[in-house]
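Enquirer: Fold the following.
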Amino acid sequence: MDQGTRSDPGDFCWQNGYGIFSIGFSQMTDVRDYIARQEAHHRKAAFQEGFRALLRRYEIAFDEQYVWD
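Expert: Purely as a prediction, here's the structure:
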């Protein structure tokens, strides 16, 4: 079944490895710039390092055993 056409809410589930964050409209340019530089950035730093830094920057508590599969 196409994931975009699910009609039964009971079929819903989060996939492993996903997080959700929101931004304010004033941050749109920064986010676009980040996305444009993402490939080059990840050549220098692993995704996991950047994700940990994001969580720490915004003081989001996390436990390593639940963050990574």
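
Enquirer: quick one: low-confidence parts of this structure?
Expert: Within the chain, the stretches with pLDDT under 70 are 1-7, 9, 12-18, 69.

Enquirer: So which residue is smack in the middle of it?
Expert: For the chain, residue 19 is the residue whose C-alpha lies nearest the centre (C-alpha atoms, centre = their mean; 4.4 Å).

Enquirer: so who does that residue touch?
Expert: The contact partners of residue 19, by C-beta atoms under 8 Å, 6 or more residues apart in numbering, come to residue 51. Any C-beta I mention is one placed from the backbone N, CA and C, and that applies to glycine too.

Enquirer: ok, 10 Å please
Expert: By C-beta atoms under 10 Å, 6 or more residues apart in numbering, the residues touching residue 19 are 51, 54, 55, 60, 62, 67.

Enquirer: In a markdown table, list those residues along with distance to residue 43.
Expert: Converted to a markdown table, these look like this (distance: C-beta to C-beta, whole Å):
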| residue | distance to residue 43 |
| --- | --- |
| 51 | 16 |
| 54 | 18 |
| 55 | 22 |
| 60 | 26 |
| 62 | 25 |
| 67 | 22 |
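
Enquirer: Next one: the residue nearest to residue 23 when sequence neighbours are not counted from residue 10, what distance?
Expert: In this structure, residue 23 finds its nearest non-sequential neighbour in residue 31, 5.7 Å apart by C-beta to C-beta, 6 or more residues apart in numbering. Residue 31 sits 33 Å away from residue 10, going by C-beta to C-beta, to the nearest Å.

Enquirer: Neighbour count for the two, which is higher?
Expert: Using other C-beta atoms under 10 Å, the more surrounded residue of residue 31 and residue 10 is residue 31, with 12 against 6.

Enquirer: what's the next secondary structure element after the helix or strand harbouring residue 56?
Expert: Using DSSP states H and E, the element containing residue 56 is helix 47-57. Downstream of helix 47-57, the first helix or strand assigned by DSSP H and E is helix 64-67.

Enquirer: Now that next one - C-alpha only, CSV.
Expert: Below are the C-alpha coordinates for helix 64-67, written out as CSV (Å, rounded to 0.1, in the frame of the first residue of the first chain):
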residue,chain,number,x,y,z
GLU,A,64,22.7,6.7,23.7
GLN,A,65,21.1,3.3,23.9
TYR,A,66,17.9,4.7,22.6
VAL,A,67,19.2,7.1,20.0
